[in-house]
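Student: Give me a model of this one.
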Amino acid sequence: MERSIIQLWFADLSKGDYTMCWTLLSPHEKRRAQSFKVVKIRQRFVIARAILKQLLADYMAVNSAAAIELLQGPFGKPYVVHGSDRQDVAFNLSHTGDHLVIALGCQRQIGVDIEVCRERINLNALAEKCFAATELYSWQQLDADDQKAMFYRIWTRKESFVKAVGRGISLGLKNCEMSLQEPIKILAVPNDCGQTTDWRVTDLNVPFGLSAALTVDGPEYKLAYRYWA
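Tutor: Numbers count the residues shown, from 1 in each chain. Okay, here's the model as predicted:
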């Protein structure tokens, strides 16, 4: 895979073969799956993890996806431990309900987020907690009908950024500030996250009712949309 290409893999988790996917998980992953008491959540975790391991096995030229060992960093970002000498792989995943997206590239930091645009009683209260002051002001100037869609665009952009950095929401969603309208411009990032020009944020093409965004460091790239079947 070229560094200039980011693959985006989309999948419907309701169509995964749970029994087959279970066989690809490590003992550690199976214990984690069993910790989920809600059956549907457990099934989604198993299928999403198995799809990720199959994609990584293909990219890293590993014969069996079961040989790909994944662990989580201190803030929950997964990384490859063993399985190949191809350690230049970069990836991230997100799912909401049965909608899964995996971003796959090389020699980059990558973060991706996807959300269902749910009805919320008080978006303004949540925006006040998560948006920087200029973002909040610009968002509040929108018509009520436009606020919901833009809220989720801002949310997924910020989530994808903190996931790319590898620190999760502990980084502080207010601390990364972006323009609302496209082309998206990063206006401010925490001091230990480099320069604003180090990062690129992109809204992804997803079905109506969903919102998704990708953050990648480094030079410009092209997106390749793929669908897992």
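
Student: The residue nearest to the spatial centre of the chain in helix, strand or coil?
Tutor: Averaging the C-alpha coordinates of the chain gives a centre point, and the residue nearest to it by Cα atoms, centre = their mean is residue 112 (2.4 Å). Classification of residue 112 by DSSP: H, G, I helix; E, B strand; the rest coil places it in strand.

Student: can you tell me which residues contact it?
Tutor: Contacts of residue 112 were listed using Cβ atoms under 8 Å, 6 or more residues apart in numbering, and they are 8, 92-94, 101-103, 160, 163, 204, 212-215. The way it works is simple: take the backbone N, C-alpha and C, and place the C-beta from them, glycine included.

Student: Residue 148: neighbouring residues, count only.
Tutor: By the other Cβ atoms under 10 Å criterion, the neighbourhood of residue 148 contains 16 residues.

Student: Domain-wise, how is this structure divided?
Tutor: Per the record, the chain has its domains at 5-112, 113-218, by automatic domain parsing.

Student: before we move on, the earlier item: quick one: which of the contacts of residue 112 sit in strands?
Tutor: Filtering these for membership in strands, criterion DSSP state E, returns 8, 92, 93, 94, 101, 102, 103, 212, 213, 214, 215.

Student: Distance of the closest residue in space to the third one that isn't next to it in sequence relative to residue 41?
Tutor: Among residues not flanking residue 93 along the chain, residue 102 sits closest, at 4.4 Å (Cβ to Cβ, 6 or more residues apart in numbering). In this structure, residue 102 lies at 18 Å from residue 41, with Cβ to Cβ, to the nearest Å as the measure.

Student: more neighbours, these two?
Tutor: Between residue 102 and residue 41, counted using other Cβ under 10 Å, the more crowded position is residue 102 (23 against 11).

Student: hmm, back to that, which of the contacts of residue 112 lies at the shortest distance from residue 189?
Tutor: Within the contacts of residue 112, the smallest distance to residue 189 is 10.5 Å, found for residue 215 (Cβ to Cβ).

Student: hey, C-alpha coordinates of the helix or strand of the chain with the lowest mean pLDDT in PDB?
Tutor: Across the helices and strands of the chain, the lowest-confidence element by mean pLDDT, DSSP states H and E is strand 78-82, at a mean of 81. Presented in PDB, the C-alpha positions along strand 78-82 are these (Å, rounded to 0.1, in the frame of the first residue of the first chain):
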ATOM      1  CA  PRO A  78      -5.300  -0.700  19.300                       C
ATOM      2  CA  TYR A  79      -1.900  -1.600  17.800                       C
ATOM      3  CA  VAL A  80      -0.300  -4.700  16.300                       C
ATOM      4  CA  VAL A  81       2.100  -6.700  18.600                       C
ATOM      5  CA  HIS A  82       3.100  -9.700  16.500                       C
END
